[in-house]
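S.K.: when you get a sec, could you give me coordinates for this:
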Amino acid sequence: MLEERVNRMEINMAKYEERIQNLEKWQKTQDEAIEKIDNKINGSLEKIEKKIDGIYTWLIGLMGGVITSLLILILGR
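M.R.: Residues are numbered from 1 along each chain as shown. Below is the predicted model of the structure:
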């Protein structure tokens with residue numbers, strides 16, 4: 001009776017250890033997938049940031065031209 005219980009406990013422990021190993025493998029796979037996605041997102045965000053910076057620079061130049069044009073019109077009269 002006691003021997004059977006010990007045997008069952010050993011079998012259960014082996015099953016739990018196997019399940020834990022499988023979960024650790026699964027978690028590692030998930031972590032790698034998340035890292036890949038993060039890298040793609042960061043790359044995309046950098047591209048968007050560069051485009052926005054270019055638009056911002058263009059708008060600043062345009063506004064400078066408009067202000068200069070307005071000053072010339074006002075001071076020319």
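
S.K.: shaky segments in this structure?
M.R.: Low-confidence segments of the chain (pLDDT under 70): 77.

S.K.: next, give phi and psi for the residue most central in space within it.
M.R.: Geometric centre of the chain, nearest residue: D38, 3.1 Å, by CA atoms, centre = their mean. In terms of degrees, to the nearest 10, the main-chain angles of D38 are phi -60, psi -40.

S.K.: contacting residues for it?
M.R.: Counting by CB atoms under 8 Å, 6 or more residues apart in numbering, D38 touches no other residue. Yep, even glycine has a C-beta here, placed from its N, CA and C like the rest.

S.K.: please enumerate the strands of the protein.
M.R.: Remark: no strands are assigned in the chain by DSSP state E.

S.K.: from E46, how far out is T29?
M.R.: For T29, the distance to E46 (CB to CB, to the nearest Å) stands at 27 Å.

S.K.: swap that for Q30, sorry
M.R.: 25 Å.
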